[in-house]
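> Quick one: sequence and predicted model below, then my questions.
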Amino acid sequence: MCWFVTCDSQDHLRLTFTSFAYDFVNVTEYDGSVHSNTVSYSGNTLLNGVSYFLPSSSMDMVSSQSGYLIILQSHPFDYQYEIVFSFNYQCGDLIAFPSIHYDSHCDSGVVVTGTGTVSHRPYDDNQLLCWFVTCDSPTNLNVAFSFFETESGYDFVNVITYDGSTHSDIGHYSGNLLPFPSSMRLINNQSGFLIKFQSDSSVNDQGFILKYRCGASSTIDHFEGYCDSGEVVTGTGIVSNQFDSNQKLCWFVTCDSPTNLQIDFNSFNVQGDNFVSVVEYDGDVHSNTVTYSGHTLPPSSSMDMVSSQSGYLILYYSGSSTSGDGFLLSFQCGTTNTTLPTNNHFGGYCDFGVTETGSGTVSHGRPYDVNQYLCWFVTCDSPTKLRLNFNTFLTEFDYDFVSVTEYDGTYHSNTVSYSGSSLPPPSFMDMENSQSGYLIRFQSDEVVNKVGFSFNYHCDDSEPFDPTPSELPNNHFSGYCNGGQTATGSGTVSHGRPYDVNQYLCWFVTCDSPTNLHLDFNSLFTEPDYDFVHVMEYDGSV
């Protein structure tokens, strides 16, 4: 059976299959004199084995005789499959799907403009579909999913921005969690969002619905369709949430005017199928989504707001079962003040806090108590080099945590959390000002305690961080080990057989001049989770 699809006059012709299953369909281009570019389809897969979806083709007719020849060929003795297919055809000046998207993302696609809805539900196996969402002229464009269900971990939707020359992937989504809304300012009529959908060869779900809107307003609803309830909070304050099952809650944290915005988790116990997501919003686009679950205290975050629409979107999702205590989040707008060690670091972050300066030792525990939230801010009297080194460390693994956060006088950053019996690595900083330092936070849960931890801190501008070889033992070993040795050239280090208890020993392995250095362990046997060997790289300064 054959169909020849054409137009009454020379025009643009588009052909789109809306359903397709089994046997063979050939699609052949005809330019008025020659048939060419035949492609054969069977099932939902190209004959050459390339993953495919519902075919779509378009041409600019070179004459009124041009068109597509569609040939259906079925096997009369094969009753296993039902022959099902249908297609739409349209003549007219349609918007061509930009060729730049074909090569890198899709086999074909559809362009949509203005305000409307893209609905793709349910979907089939082996689909690779694209929609390019744009506006007729440069303006603000908003997109938001109102429904989303794909096979988790196998069928995906990518949201990609295109500025007229470059694609930037801003989201990769799968499962039944609604992707975050996005907005962009189109710089030309080539800009827009590329929505890419890909399904695998088995198991499908209900699909998705996407709403898009072109217009003058860049305001976007952070909560609609994403949360059962949402709240906008501004200025300085605290967000607290305790567990309940089947919740979808949102908070959008912002400031009344563009300024520095900082958020800190003060407590966090979100377990099971429950999680918290932190999303940056710059006034146009949601980005840098990070999702947290478990007991580990999430790191601090800060941004310089580029507009009064900027902020952090906090999403809390809980499943049918709950476990944990929830979380406590503090936020602050504006330039920090000079009383940072008391007001900024400890207020709302800890039950108790101490500022340590100069050089000394902090020891906590043996054993520590349950339900503790304690802080130490380690700094120097004037800008200098500050070193932090843990000498002992044993907390309840994955339940009691020590977090180390850098503070440069304005922002908290580079938070790292430690738990268990592994000794945290040393930390160094060149203080930028007298407000800089390290914030050490300790959090224990309501049951089980351990020995605790101790650390040394040292302020010294005279001791170089780029020492000569003769000075290296003092830099690496002082305050870090009870004994240390520098080994150069080639050789072997052997320790133990057996080793003693309560040892803190170090070796610094180097060469007499810059060259390639190779390190190999020939044997290693220590008490699991209690006795450790640490290997740290040293580049001459850190």
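That came in fine, so what should we check first?
> Quick check: the gap between G283 and E446.
Distance of G283 to E446, given as C-beta to C-beta, to the nearest Å: 41 Å. No exception for glycine: its C-beta is placed from N, CA and C like everyone else's.
> Repeat that for M536.
35 Å.
> go on, H120?
Taken as C-beta to C-beta, the span from H120 to E446 is 47 Å.
> More neighbours: which of the two?
Neighbour totals were compared for H120 and E446, and H120 leads with 18 against 9 (other C-beta atoms under 10 Å).
> so what pLDDT did the more buried one get?
For H120, the pLDDT comes out at 86.
> where along this structure do the helices fall?
99-104, 472-477 (DSSP state H).
> least reliable of these going by mean pLDDT?
Across those, helix 472-477 gives the lowest mean pLDDT, at a mean of 52.
> Tell me where the model's unsure across the stretch 51-200 of the chain.
The model of the stretch 51-200 of the chain has pLDDT under 70 over residues 51-58, 60, 73-88, 90, 92-105, 107-108, 180.
> which residues of it fall in strands?
56-60, 67-73, 84-91, 110-113, 116-120, 128-134, 140-149, 156-162, 167-173, 182-185, 192-198 (DSSP state E, counting those that start in this stretch).
> which strands and helices sit next to the last one?
For strand 192-198, the elements it packs on are strand 128-134, strand 140-149, strand 156-162, strand 182-185, strand 207-215, judged by 3 or more C-beta pairs under 8 Å, 6 or more residues apart in numbering; DSSP states H and E.
> Determine which stretch of those is the most buried.
strand 128-134 (a mean of 22; mean count of other C-beta atoms under 10 Å).
> can I get the CA coordinates of stretch 119-130 in PDB?
The C-alpha atoms that make up stretch 119-130 are tabulated as PDB, following Å, rounded to 0.1, in the frame of the first residue of the first chain:
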ATOM      1  CA  SER A 119       1.900  17.100  26.700                       C
ATOM      2  CA  HIS A 120       3.700  13.800  26.100                       C
ATOM      3  CA  ARG A 121       1.800  11.100  28.000                       C
ATOM      4  CA  PRO A 122       1.900   8.200  28.000                       C
ATOM      5  CA  TYR A 123       5.100   7.600  26.100                       C
ATOM      6  CA  ASP A 124       6.500   4.600  24.200                       C
ATOM      7  CA  ASP A 125       9.800   2.700  24.500                       C
ATOM      8  CA  ASN A 126      12.900   3.800  22.500                       C
ATOM      9  CA  GLN A 127      11.900   7.400  22.100                       C
ATOM     10  CA  LEU A 128      14.200  10.300  21.500                       C
ATOM     11  CA  LEU A 129      12.000  13.400  21.300                       C
ATOM     12  CA  CYS A 130      12.700  17.100  21.400                       C
END
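> Distance from it to the middle of the chain?
In terms of C-alpha atoms, centre = their mean, to the nearest Å, the centre of stretch 119-130 is set 25 Å apart from its chain centre.
> ditto for stretch 204-215
22 Å.
> and it, what's its mean pLDDT?
Mean predicted confidence for stretch 204-215 is 85.
> Pull the residues that contact that stretch.
Here stretch 204-215 makes contact (C-beta atoms under 8 Å, 6 or more residues apart in numbering) with 112-125, 131, 133, 135-136, 139-151, 155, 157, 176, 193, 195, 197.
> Return that stretch as CSV; C-alpha atoms alone will do.
Provided in CSV are the C-alpha atoms of stretch 204-215 (Å, rounded to 0.1, in the frame of the first residue of the first chain):
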residue,chain,number,x,y,z
ASN,A,204,7.4,3.2,30.5
ASP,A,205,5.4,5.5,32.7
GLN,A,206,2.8,8.3,32.3
GLY,A,207,5.0,10.9,30.8
PHE,A,208,5.0,14.7,31.4
ILE,A,209,3.2,18.0,30.8
LEU,A,210,5.2,21.2,30.3
LYS,A,211,3.7,24.7,30.4
TYR,A,212,5.5,27.6,28.6
ARG,A,213,4.9,31.3,28.5
CYS,A,214,6.4,34.2,26.7
GLY,A,215,5.8,37.7,28.1
